[in-house]
Structures are given as structure tokens and as C-alpha cells.
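S.K.: Mind folding the following:
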Amino acid sequence: MMKLISPNDPIFKQPIEKFDFDNPQYDPDELVDNMIKTMCQAKGIGLSAIQVGIPVSVFVMGHYNMPDEVLAVFNPKIVDYSGDEVFEEEGCLTFPGLFIKIKRHSHIRIRFADKFGNVNTHVMDGIPARIAQHEYDHCQGIQYQQRASTLHLQRAKKQKEKLDRLRKRNARVQ
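M.R.: Residues are numbered from 1 along each chain as shown. Okay, here's the model as predicted:
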């Protein structure tokens, strides 16, 4: 298991390197296995390497109840955005409890390498497209709050504060 880093960690502001399959910075199998375990333990649906303090362009995505079906994405490049732009709430393991309405394209074409270095292009739509765009942003040094309107961000922060107060009060009662 890996440890999620603080959202204030300076590594989020550092440039992220491409994963070098000729001279790997990390063992790709070990990296993917640990990222999947970390994502599943946190009950996430996506996790970028930068979120665990590793500044390489890698993320995993899939449902935490199906770890064998999680997709590992190395050196992603979104080559086409299409479809409607849709507002949906997004969360992030780096910012637990903060759910913000973000506008994203409903369809993408994304080119990436698998853990063996084989490059493919995939078409994604719906939730997988949203997850890939969110994690791709992490690889580009973009946090999802930067994609939110001021109004949606303020509403999300107020809602999180309210829920945090309720959780704290409920914890004292028990």
C-alpha cells in the first residue's frame, strides 16, 4: 500500500516525467499493483501516481470492487475530445469529502501505453471518460478545483464543511 500525500505537498507543483520504459524509474508491475491496492483500499475509482508522491505520468482507473479489471495507463495523451460537455459531481482521493460539479466532455480518445509499453488508442465515454480526464489532469499538474466555476467550488466547500460538522458531532455521540 502507498500513502496518499497531502494536497499541500509541493510535489503537486513539480513537473511530471513520462514513464521511461527503456530505463524505468519504477518497476511497472510493482507500481501498478501498489497503486491498484491503494485505490481499492481508499474505495476510489481512479488514482494518479502523483497522488502517492511519484511524479511520473501514470494512473489507474476502475471500480475498487473489481481490482482485476482496473486499467493501468502510462504516458496518456488525450487526442480528441468530443460529445457534449456535461456537469457531474467529482470527488478526489486527495480531497476527501469535497464533491464539485465539473464540466467535462462526454467522449474522448486517449492514447497510452500499458505496463508493458504497448501503445494503444481507446475511445471512452460516460464515467470512464470522466475518470480518465480527471486523472489525466493530475498528470498535467491540474487539480479538479481549477476546472470548477467559483459558484460550484464555493457550494462544494460549504457542503463539505456542513458534512464534516455532522460527522464530528455524530462521532462524539457514539
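
S.K.: Please export the C-alpha coordinates of stretch 44-52 as PDB.
M.R.: Extracted in PDB, the C-alpha atoms of stretch 44-52 (Å, rounded to 0.1, in the frame of the first residue of the first chain):
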ATOM      1  CA  GLY A  44     -11.600   5.100  -5.300                       C
ATOM      2  CA  ILE A  45     -12.200   4.800  -9.000                       C
ATOM      3  CA  GLY A  46      -9.000   6.400 -10.100                       C
ATOM      4  CA  LEU A  47      -5.600   7.200  -8.800                       C
ATOM      5  CA  SER A  48      -2.700   9.100 -10.300                       C
ATOM      6  CA  ALA A  49       0.900   8.300  -9.400                       C
ATOM      7  CA  ILE A  50       1.400  11.900  -8.300                       C
ATOM      8  CA  GLN A  51      -1.200  11.400  -5.600                       C
ATOM      9  CA  VAL A  52       1.100   9.000  -3.900                       C
END
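
S.K.: Give me the contact list for that stretch.
M.R.: Here stretch 44-52 makes contact (C-beta atoms under 8 Å, 6 or more residues apart in numbering) with 2-5, 11-12, 16, 31, 34-35, 38-39, 55-64, 93-94, 127, 131-132, 134-135, 138-139. Heads up, the C-betas are built off the backbone N, CA and C, glycines and all.

S.K.: Let me see the ranges of the strands in this protein.
M.R.: 46-48, 58-61, 71-92, 95-113, 119-125 (DSSP state E).

S.K.: Measure how buried Gln146 is and give me the count.
M.R.: If you count neighbours by other C-beta atoms under 10 Å, Gln146 ends up with 10.
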